[in-house]
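[1] take this sequence and fold it.
(one chain, ligands or ions: 1)
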Amino acid sequence: MTRLYLSPPHMGSEEQVLLNEAFHSNWIAPLGPHVDAFESEVAAAVGVPHAAALSSGTAALHLALRILGVSRGDEVVASTLTFSATVNPIVYQGASPVFVDASPETWNIDPELLAEELTERARRGKRPKAVIAVDLYGQCADWTPILETCARFEIPVIEDAAESLGSTYRGASAGSFGTMSILSFNGNKIITTSGGGMLLSHKKDWIDQARFLSTQARDPAPHYEHSHIGFNYRMSNLLAAVGRGQLRVLPERVRARRANNARYRRALAGTRGIKFMPEAAYGASNCWLTCITIDPDLFGANSEDVRLHLQSVDIESRPVWKPMHMQPVFAAFPVRGGSVAAKLFERGLCLPSGSSMSEEDLERVVTAIKRVGGK
Ligand SMILES: Cc1ncc(COP(=O)(O)O)c(C=O)c1O
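    As a prediction, the model looks like this:
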């Protein structure tokens, strides 16, 4: 039996044709016509006018913070329940993170706790320079109250939609809510360029700045002239060609992952102690990963027992993200709440969710899970 991975790449039929076209035209790297086309196609898909294709989602977050002027001594508020790449760029800029707990209903940043945190900081005269809210595992954050609160305190919002291309919130696409938003095309994402990311904004000037900074900040001059510190963060034309092919199959990939999620829900519906990450009524998740929580008292085994058993039968699963406030490297930074995220980490497990999974693959995972629980 073959190994079942959590979220393997899934190529469509056009990626190779587009890649060959880039190859034969000798537009290998960096830039080239596929980069321009990929930017406008992603921008159109998300419904945001401007986009810059970059080497990773992390690079996009870093440039977003840099362009918003986040620097040494500043504070940036972020969800604690996320991958470290959401937060690392805050520290690259010499600023410090302030963490806010997740809501149990959405697993995303809790809008009420965010409002409390910003109110208290405003009272102390310490307004954070930015807020980063994540659309976790494909589910959009609750953008209406988040944006209202941030507008009240005049704080720009960065939307980390790395995991959520193809998801919606009240009819609008993930990636369209932030003052600036980011996407990831890392190998495990719903569509991939092997590695890559995108920065999106309604403000052209910011995206122009991102293009400038991501190509070593070269001032217009025939020689190399620099008045800013730049980065080597641009996406190559070859990878953009792959991305264009992948974008064409995005709706199918969303359908396949949502179908996985629905099948898991049906197959595990009667299993005591297992609950699914709730899907909020305000939107539709791309179901990038299907995540469950396991109550050991009801199920008869804990999430780590299940993970180890799945591993023994060649099925990859992973604990839900370990919250940032529990990470040794971020332990010194403040957190508002934290117990919701901590419990989701303790009980949560992400199941194989790839868009190329067959019904038999899914049945294999479900059978293995049921074998562990004794009740
Ligand atoms: C929530 C989140 N933010 C940021 C990133 C960073 O994206 P990348 O791997 O493209 O740098 C990832 C994934 O890797 C992610 O899951």
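
[2] which residues are in contact with M180?
    Counting by CB atoms under 8 Å, 6 or more residues apart in numbering, M180 makes contact with 64, 67-68, 156, 158-159, 199-201, 203, 206. Every C-beta, even on glycine, is put in place using the N, C-alpha and C of the backbone.

[3] adding distance to G337, secondary structure and pLDDT, write those residues out as CSV.
    Output for those, formatted as CSV (distance: CB to CB, whole Å; DSSP: H, G, I helix; E, B strand; the rest coil; pLDDT from 0 to 100):
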residue, distance to G337, secondary structure, pLDDT
A64, 25, helix, 98
I67, 30, helix, 98
L68, 25, coil, 98
P156, 23, coil, 98
I158, 21, strand, 98
E159, 21, strand, 98
L199, 30, strand, 98
L200, 29, strand, 98
S201, 30, strand, 98
K203, 32, coil, 98
W206, 32, helix, 98
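
[4] most neighbours, which of those residues?
    Within the contacts of M180, most neighbours by other CB atoms under 10 Å means L199, with 32 neighbours.

[5] residues in a beta bridge with that one, which ones?
    With DSSP bridges as the criterion, L199 is bridged to A52, I182.

[6] my read: it touches I182, true?
    Yes: contact criterion CB atoms under 8 Å: L199 and I182 qualify, at 5.7 Å.

[7] between those two, which contacts overlap?
    60, 64.

[8] how about A122, what does it touch?
    A122 makes contact with F153, according to CB under 8 Å, 6+ apart.

[9] going forward, count from 148.
    That works, and once the first residue is 148, the last one we named lands at A269.

[10] okay, and it sits in which element?
    helix 258-270 (DSSP states H and E).

[11] what's the first helix or strand after that helix?
    The helix or strand immediately downstream of helix 258-270 is strand 277-281, counting by DSSP H and E.

[12] H456 and the ligand, how far apart?
    H456 is 26 Å from the ligand, where distance means CB to the nearest ligand atom, to the nearest Å.

[13] grab the nearest non-local neighbour of that residue.
    Nearest residue to H456 in three dimensions, chain neighbours excluded: V519, at 4.7 Å (CB to CB, 6 or more residues apart in numbering).

[14] right, and that neighbour touches E451 too?
    No: V519 lies out of contact with E451 (CB under 8 Å); the separation is 10.4 Å.

[15] out of the two, which sits in the busier spot?
    V519 (18 against 14).

[16] how much space separates that one from S459?
    With distances taken as CB to CB, to the nearest Å, V519 is found 10 Å from S459.

[17] what does the stretch 298-447 of the chain put close to the ligand?
    Residues of the stretch 298-447 of the chain lying close to the ligand (CB under 6 Å from any ligand atom) are 307, 309-310, 331, 333, 344.

[18] among these, which one lies nearest to I376?
    Distances from I376 to those, taken as CB to CB, are shortest for G344 (19.8 Å).

[19] what's the neighbour count on that closest one?
    Neighbours around G344, by other CB under 10 Å: 27.

[20] residue contacts, the residue lying closest to it once chain neighbours are set aside?
    Once flanking residues are discounted, G344 sits nearest to G204: 3.7 Å by CB to CB, 6+ apart. With contact set as CB under 8 Å, 6+ apart, G204 has these partners: 232, 307, 309, 329-333, 344-345.

[21] residues making contact with stretch 186-200?
    Here stretch 186-200 makes contact (CB under 8 Å, 6+ apart) with 182, 185, 207, 210, 312, 319-323, 328, 330, 343-351, 353-354, 357-358, 361, 381-382, 387, 390-391, 394, 397.

[22] same deal with stretch 488-499?
    151-154, 227-228, 248-249, 251, 254, 284, 411, 424, 436-443, 449-450, 453-454, 462-470, 472-473, 508-509, 512.
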